[in-house]
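K.L.:
got a predicted structure plus its sequence, pasted below:
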Amino acid sequence: MNTLRFPCPNEKQRLFLLDTHRYVAFGGARGGGKSWAVRVKAILLAFRYPGIKIMIVRKTYPELRANHIAPMKQMLENEAVYKELTKEFSFPNGSLIMFRYAQTTADLDKYQGTETDVLFIDEATQFTEEQFDRFKACVRGVNDFPKRIYLTCNPGGVGHSFVKRLFIDRAYTSNEDGGQYAFIKSLVTDNHALMASDPDYVRQLEALPPKLRKAWLEGDWNIFEGQFFEEFRDEPAHYADRRFTHVISPFEVPDGWNVVRSFDFGFAKPFSCDWWAIDHDGTAYLVLQLYGCTGVPNEGLKWHPDRLFSEIARIEREHRWLKNRRIGGVADPSIWDQSRGEAIVDFADRHGVYFEKGDNKRLPGWMQCHYRLAFNEAGYPGVYFFSTCRHAIRTLPLLQFSDANPEDLDTSQEDHFADSFRYFCMSRPVTPVLPAAQNPPGDDPLDLAADRRYGAFSY
């Protein structure tokens, strides 16, 4: 142990390392130095109690490898042996640090007979309460070692509700002893090492809309409700008056601008095909939209994939803003799926409508959407919507946060344009900008009640 040297912890990490409650939750915001604290605490326990068993859990094995196994190999060089087959560090004094993951509830069956003295659940809000209870049952054994469960957590995720209940609201059932629970709130501003090595990280968090900023920067657990794209402003304006709005009157798209097509496929639900023009500064404009259903009739209209891509090809041949341009496409990766017969992308290929697979990561994608929608200090966003693209303007402000996964939006809603928007944003990621000092609220939303039919397209 004499050869090991750790940097001095910050004050919140020190509190975590010293806490002896049975249940300790640490974090509450992004970038609070949680993973480092987990690694150091596990190593200190392993040396302090010869023969102790410690288990570190994360959602997936790649996350375990990147966040814990690889760094601990460097930290424990010549001090412990890592066994790749069993995913364990073995210490000369008989202590053991095990690494386990549970991407699904079924994965927990592998750990039914596992016993551990100390359990670390890293990013605990990524787990359901059922998964938490199953892992919690592994903490047992007839010995004198401490029996403790450490959680690191941020607001959001499928486990948001149970972590909030236990550690923030402190609302306990008759079977739970509130005196066994402790919460240590750590913010990115407490993580001096991160602030020094990556000062732009705080800027990225500050650029988020207010609700996400409160959760991820300030560690507020009470914000995931209501409108998902709260920054969206739909007061129509002309191009010359486009400050503090996202909706502008159409104009002729200059020849020198690139055009990108994004696409979210729908069978029983609507599809959304969207054309974006990008100016020389990188600002995007949704200029055209084709919106409808492929699998079931809706008000007498049914779009077979052949008809859909034939129409997309026709629009790109004939519309004055699109014809004679080389148009790139990005689409929902599910259109490459062949499990139910011919892949949807094959229909597109036959009509000369070509796509690349979109990056389907949801939370990074939503962050890119938020970055695009954000107003800079001069009041200009990174994306605009032509007022003729009515389904985009209608659906985007209606989307709500998900109850099951509070960081995500509710997928039971009409989210098809939002998904197409996400694929586009991930194809051209932008650097976040600091929010505008003034972001005036809009008047009443645009009245689009007369155009709520699927199958309409606007250009």
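P.N.:
Noted; the coordinates are in hand. Residues are numbered from 1 along each chain as shown.

K.L.:
what pLDDT, on average, does stretch 26-36 get?
P.N.:
For stretch 26-36, mean pLDDT is 83.

K.L.:
how about it: buried residues?
P.N.:
26-36 (16 or more other C-beta atoms under 10 Å). All C-beta spots, glycine's among them, are computed from the backbone N, C-alpha and C.

K.L.:
so can I have CSV of those showing secondary structure?
P.N.:
Listed next are these as CSV, based on DSSP: H, G, I helix; E, B strand; the rest coil:
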residue, secondary structure
F26, strand
G27, strand
G28, strand
A29, coil
R30, coil
G31, coil
G32, coil
G33, coil
K34, helix
S35, helix
W36, helix
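
K.L.:
redo these as TSV? Include distance to V57.
P.N.:
As requested, these are arranged in TSV below (distance: C-beta to C-beta, whole Å):
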residue	distance to V57
F26	15
G27	15
G28	19
A29	21
R30	20
G31	21
G32	19
G33	19
K34	14
S35	13
W36	17
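
K.L.:
closest to I278 out of those residues?
P.N.:
Closest approach between these and I278, by C-beta to C-beta: R30, at 29.6 Å.

K.L.:
any idea how far K34 is from the nearest residue to the closest one once chain neighbours are set aside?
P.N.:
Ranked by C-beta to C-beta, 6 or more residues apart in numbering and with sequence neighbours excluded, the top spatial neighbour of R30 is W216, at 4.5 Å. Remark: distance between W216 and K34 (C-beta to C-beta, to the nearest Å) = 13 Å.

K.L.:
repeat for K87
P.N.:
From K87 across to K34, the span is 21 Å (C-beta to C-beta).

K.L.:
show me the helices in the chain, by range?
P.N.:
Here the chain has its helices, by DSSP state H, at 11-18, 34-48, 61-64, 70-75, 129-136, 160-163, 192-197, 200-206, 210-216, 305-318, 344-350, 362-373, 390-395, 416-427.

K.L.:
average pLDDT across the first one?
P.N.:
What it means is helix 11-18. 93.

K.L.:
heads up, I number from 59, so please use that
P.N.:
Got it, first residue is 59 now, which makes that one helix 69-76.

K.L.:
elements contacting it?
P.N.:
In terms of contacts (3 or more C-beta pairs under 8 Å, 6 or more residues apart in numbering; DSSP states H and E), helix 69-76 is packed against strand 81-86, helix 92-106, strand 239-244.

K.L.:
tell me the angle that helix makes with strand 81-86.
P.N.:
Inter-element angle recorded for helix 69-76 and strand 81-86: 160 degrees (by axes from the mean of the first three to the mean of the last three C-alpha atoms, to 10 degrees).

K.L.:
neighbours of T186, how many?
P.N.:
Counted with other C-beta atoms under 10 Å, the neighbours of T186 add up to 17.

K.L.:
may I have the phi/psi pair for the closest residue to it other than its chain neighbours?
P.N.:
Leaving aside its sequence neighbours, T186 sits nearest to V216 (C-beta to C-beta, 6+ apart; 5.4 Å). The phi/psi pair for V216 (degrees, to the nearest 10) reads phi -70, psi -20.

K.L.:
how close does V216 get to T183?
P.N.:
Counting by C-beta to C-beta, the gap from V216 to T183 is 7 Å.

K.L.:
those two: who's more crowded?
P.N.:
A side-by-side neighbour count of V216 and T183, using other C-beta under 10 Å, places T183 first with 27 against 18.
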